[in-house]
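> A predicted structure for the sequence below; I have some questions about it.
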There are 2 protein chains.
Amino acid sequence: MALGNIKIRVVIVDDHPLVIEGLKSLLKGHKDIKVQACCTTGAEALAFFKQHQADIVLLDINLPDISGTEICKLIAKQYTNTYVIGLSTYGERSIVNQMISNGAKGYLLKNVTESELVEAISKVYRGHYYYGIEIQKAMANTIFHTLGNTPRLTKREKQILKLIVSGKTTNKIADELFISPLTVETHRRNLMKKMNASNTASLVKIAIEKVLV
Amino acid sequence: MALGNIKIRVVIVDDHPLVIEGLKSLLKGHKDIKVQACCTTGAEALAFFKQHQADIVLLDINLPDISGTEICKLIAKQYTNTYVIGLSTYGERSIVNQMISNGAKGYLLKNVTESELVEAISKVYRGHYYYGIEIQKAMANTIFHTLGNTPRLTKREKQILKLIVSGKTTNKIADELFISPLTVETHRRNLMKKMNASNTASLVKIAIEKVLV
DNA sequence: CCTAAAATACTGGAAAACCAGTAGTTTTTT
DNA sequence: AAAAAACTACTGGTTTTCCAGTATTTTAGG
C-alpha cells in the first residue's frame, strides 16, 4: 500500500460492541491502519474529536443518542481532515443519500468483506470516494428515485400532505385549515401529480419513503 | 465454569461476516466454548445440521434466504439437543416473541457484552432460558405494545396489505390474485379494523411504521 | 374426524377520493 | 410594476373506498 510508516488513524463509532469487535478484527492484520478509538455513542465520539485527531471515521448510522447523519454533518464541517465512511445494514437507502449529502466520503454495508473495507479506508484516506458495490446498486436505483425526482412541495402542500398521511380526510383537513374542501382536493391532486402517485396509498408510501413527512 | 474438558459446541448463523467475527472474538478467550462452524445463510446452516451436531446455535433473525424464525422452528423440532439463542438488533420486538414461540431458548441483542454472551450460552446449555436485559425490557414494553397492539395478520392479509401499500386498487388486487374484488374488500376492511386505521392513508402509514410490509 | 380460523363471496348503500378543466386572488420574485 | 408561483375555489362527473351485515367453502390443528 506504500504508505511508509504512517498509519491511517481510524475511529469506529457503533453502539454494538460486536460490530466494533468485528471491524477491529478485520483491520488487525493491516499494519498501515490503526484503530485509534472505538465509541459506542455519538456523544462519546464528539467528545473524542474535541481532543484528538483521526483520518477516518467508520460511522454507524444507528446510534442511540445522536443520529449518524447529524454526527456526519458535524464532523464533515468541523474536522475537514477527517473523512467519514458510513456503515449500515442493508435496506436503509434513504439514509445513504442523507449521509452522502452530509459529507460522507464512503458508505459500506455491514456485511462488508475485509478487502472491501480496507480498500474503502485507503481510497477515502487518499481523498477519493468509495461506495460498496451493494450501495452502488442501491444508489443507481435511488438517484432517480429519491433525489432527482423528489418534487419541491410548497409549504401548503407539505402541510396538507402531513395531514393526509396522518389519516385525515379532505373534509377534516379543510376544517382544520379553514379552507374549502375543494381547495384541499386541488392540493391533493397536485400532490399526486407531483409525486407520481395514483392514489392515497401510494401518495402516503412515497411521502414516507422520501421522508417528506 | 466447571465443565471439565467438555466444550460447548457453538454454531454461529449470521449473514454479516462482521458479526460472526465479533462473536468469535468475544468467545475466543473461553476455553470451554468452541465455535464449531459459522454459516452466512439459512440453507448453509440446515445443511450443516444434517451432518453435524451442536449444542448452541447463535441465530440471527435476518437471513437472506430463510427467515430466522423458520430455521428456529425447524431446529427446535428436529434437533432436540440443540438449543437456539436468537440474535438481533434492537427494535425488532415482534420477532422476539415469534422466536420464543418457535422454541428459542434465549435471545440477545447484538450489542451484547462478552460476559452476557457467555452467560447466556452456558445457561442455555444447561437447559435454562436466558434473555438479555434489554430484551426483558423490550418484552415488558412489548407485551402491551406489540402483542396487544400489533395485530397478527394472516398470510392473505399481509399479501393484500402489501399490494395496497404498493398503490394497487381493490380491483387490480382482485385481478392479480384471481379472487373477487368483494373478497379483497372484506380483507381490506378486516385489515383496517385490526390495525385501527380509519382509511387507506392511515393503513399504509401504520403498515410501514410497524414494518408489516 | 371435528372444530376453529381463514379465505372466499355477496347485498346495498354512503362517503370519500379521483379526474379534468377553469379561474380569481394573493404572495413572491424579478 | 409585471410576471410567476402559490393559494384559493368552483362545476360536474366517475371511480374507489368505506361500512354493516351475512354466508359458504377451505384449511389447519388437536
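That came in fine, so what should we check first?
> Going by C-alpha atoms from here, please, whenever you check contacts or count neighbours.
OK.
> in stretch A:58-66, what's buried?
For stretch A:58-66, burial by neighbour count (16 or more other CA atoms under 10 Å in any protein chain shown) applies to A:58, A:59, A:60, A:61, A:62, A:63.
> Please convert those residues to a markdown table, extending it with distance to residue B:182.
Shown next, in a markdown table, are those (distance: CA to CA, whole Å):
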| residue | distance to residue B:182 |
| --- | --- |
| A:58 | 53 |
| A:59 | 50 |
| A:60 | 47 |
| A:61 | 44 |
| A:62 | 43 |
| A:63 | 46 |
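> Of those residues, just say which sits nearest to residue A:193.
The closest of these to residue A:193 turns out to be residue A:61 (CA to CA; 32.8 Å).
> Quick check, pLDDT for the nearest residue to the closest one once chain neighbours are set aside.
In this structure, residue A:61 finds its nearest non-sequential neighbour in residue A:68, 4.0 Å apart by CA to CA, 6 or more residues apart in numbering or on different chains. pLDDT for residue A:68: 77.
> repeat for the one 10 residues further on
Among the per-residue scores, residue A:78 shows a pLDDT of 79.
> returning to that earlier point: tally of neighbours for the residue nearest to residue A:61?
Neighbour count for residue A:68, taken as other CA atoms under 10 Å in any protein chain shown: 25.
> give the contact list for it.
Contacts for residue A:68 were tallied using CA atoms under 8 Å, 6 or more residues apart in numbering or on different chains; they are A:42, A:59, A:60, A:61, A:62, A:99.
> quick one: the strands in chain A?
A:8-13, A:33-39, A:56-60, A:83-88, A:106-109, A:130-131 (DSSP state E).
> and the residue in chain A positioned nearest to DNA strand C, how many residues sit next to it?
Per CA to the nearest atom of the strand, residue A:199 is where chain A lies closest to DNA strand C, at 2.9 Å. When neighbours are defined as other CA under 10 Å, residue A:199 has 18 of them.
> who's in contact with it?
Counting by CA under 8 Å, 6+ apart, residue A:199 has contacts A:192, B:167.
> again, but for residue A:11
Residue A:11 touches A:35, A:36, A:37, A:38, A:39, A:54, A:55, A:56, A:57, A:58, counting by CA under 8 Å, 6+ apart.
> Nearest residue to the fourth one in space, ignoring adjacent ones along the chain?
If the residues on either side of it in the chain are set aside, residue A:38 comes closest to residue A:12, at 4.6 Å by CA to CA, 6+ apart.
> And for the fifth one?
For residue A:39, the nearest residue in space outside its immediate sequence neighbours is residue A:13; the separation is 4.7 Å by CA to CA, 6+ apart.
> Flag every residue of chain A that's near chain B.
A:15-23, A:25-26, A:110-113, A:164-167, A:197-202, A:204-205, A:208 (CA under 8 Å from any CA of the partner chain).
> Name only those of those that count as buried.
Counted by 16+ other CA under 10 Å, the residues of chain A next to chain B give A:15-23, A:25-26, A:110-113, A:164-167, A:197, A:199-202, A:204-205, A:208 as buried.
> taking those one by one, which sit in helices?
The members of these that map onto helices under DSSP state H are A:17-23, A:25-26, A:164-165, A:200-202, A:204-205, A:208.
> near DNA strand D too, which of these?
Residues of those in contact with DNA strand D (CA under 7 Å from any atom of the strand): none.
> who touches residue A:174 in this structure?
For residue A:174, the contact set (CA under 8 Å, 6+ apart) comprises A:180, A:181, A:183, A:184.
> repeat for residue A:60
Residue A:60 is in contact with A:13, A:14, A:15, A:68, A:86, A:87, A:88, counting by CA under 8 Å, 6+ apart.
> switch the cut-off to 7 Å
Counting by CA atoms under 7 Å, 6 or more residues apart in numbering or on different chains, residue A:60 makes contact with A:13, A:14, A:68, A:86, A:87, A:88.
> Thank you kindly, that will do.
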